[in-house]
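Student: Need a 3D model of the sequence below.
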Amino acid sequence: MQIRVSNPIEPQPRLSERQSVPSDTSSISHVAHQVFANTHAKEIGSTVLDVSGVTLEYRTNKKVVTATKRVSFSVSKSDRYVLLGPSGCGKSTLLKSIAGYIPPVEGEIRLNGEKITRPGPDRIVVFQEFDQLLPWKTVLGNIVFSLIVGKRLPPKIAEEVARRYIDKVRLTKFADSYPHTLSGGMKQRVSIARGMAMEPSVLLMDEPFAALDELTRVHMQDELLRLWSDTKMTIIFVTHSIPEAVKIGNKILLLSPHPGQVRAEVTSNGDDTPGLDGLKLSEKIHAELFSAGKPIEQLMGQENE
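Tutor: You can find the predicted model right below:
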């Protein structure tokens, strides 16, 4: 295991232009695979997202609240990057800023070398609420609609891509079902399929499993890891659950209580068994976030002594 506090790095060059879609639809499957064959392979360098000294504020009826203060970190291609901290530390606000909805009052956020100033289809958000789907459209229709509107794909190619991602989340038999007939976990799988079908540079997930029961939540965590293994998509995942962070993330950014500041960044291989020092990674993270004991750098270093 490694630990470090992230420092901003130099932005990478812009993405090369993506392949245009030919008008000939006689080989739809081939075209769909070419257009959506993991655009991450076209990125130059390993850094996808660079957050540099970002302070975020929002206004209530009575005052201006500082959500995060001078937060810096970088996300590499195919990372499963978790933002972890107690409620009110600004992690969801930070995710919304990455999505382009809240501009920083200090610092900047760059995606593939370009400064983020507004929302875009290169960042897709999956929220925790179940009602993210259009109720008058089927599972297939929801994903096709996003591809036609967001990616400007011809309907036939959009349907080909949509069906492929419906298969990936194992909802093939429910492609023609409407949202009100689906369970909460199934609705979230549709939302994840819709986000992945858009092939964004970063998939942003704001506590997507928080409203699920424990058994369904564990199942969805396993499903997400399976999908990541298949697609290697870059994911930024917000949670306040330490066990979930250890399981989902290969990198975990620890944020202090309000206002959110970087405490540390740790790596995880998903295994939360005790190390040579007898402590689990989750226990070390808990100590860093909530106790006044040894800093996590010392706790992690004990394993190598």
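
Student: So which bits of the longest helix seen in the chain are buried?
Tutor: Among all segments of the chain classified by DSSP state H, the helix with the greatest residue count is helix 214-231. Of the residues in helix 214-231, those scored as buried under the neighbour-count criterion (16 or more other C-beta atoms under 10 Å) are Thr216, Arg217, Met220, Gln221, Glu223, Leu224, Leu227, Trp228, Thr231. Just so you know, the C-beta spots here come from the backbone N, C-alpha and C atoms, and that holds for glycine as well.

Student: cool, stretch 251-264 as well?
Tutor: Using 16+ other C-beta under 10 Å as the test for burial, stretch 251-264 gives 251-256, 258-264.

Student: and these, which two are the farthest apart?
Tutor: In those, the most distant members under the criterion C-beta to C-beta are Lys251 and His258, with 22.8 Å between them.

Student: quick one, helices of the chain?
Tutor: In the chain, helices defined by DSSP H lie at 28-35, 91-99, 139-151, 155-168, 184-197, 214-231, 242-248, 281-290, 296-301, listed in chain order.

Student: out of these, nearest to Pro208?
Tutor: When these are ranked by proximity to Pro208 (C-beta to C-beta), helix 184-197 comes first, at 5.9 Å.

Student: just how off-centre is that closest one within its chain?
Tutor: Mean-position distance between helix 184-197 and its chain equals 13 Å (C-alpha atoms, centre = their mean, to the nearest Å).

Student: got the contact list for Glu223?
Tutor: Contacts for Glu223 (C-beta atoms under 8 Å, 6 or more residues apart in numbering) come out as Val169, Arg170, Arg189.

Student: List buried residues within these.
Tutor: Here, 16+ other C-beta under 10 Å leaves Val169, Arg189 buried among the contacts of Glu223.

Student: Could you save the contacts of Glu223 as a markdown table and add columns showing distance to Val246 and pLDDT?
Tutor: Conversion of the contacts of Glu223 to a markdown table gives the following (distance: C-beta to C-beta, whole Å; pLDDT from 0 to 100):
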| residue | distance to Val246 | pLDDT |
| --- | --- | --- |
| Val169 | 24 | 92 |
| Arg170 | 25 | 91 |
| Arg189 | 23 | 92 |
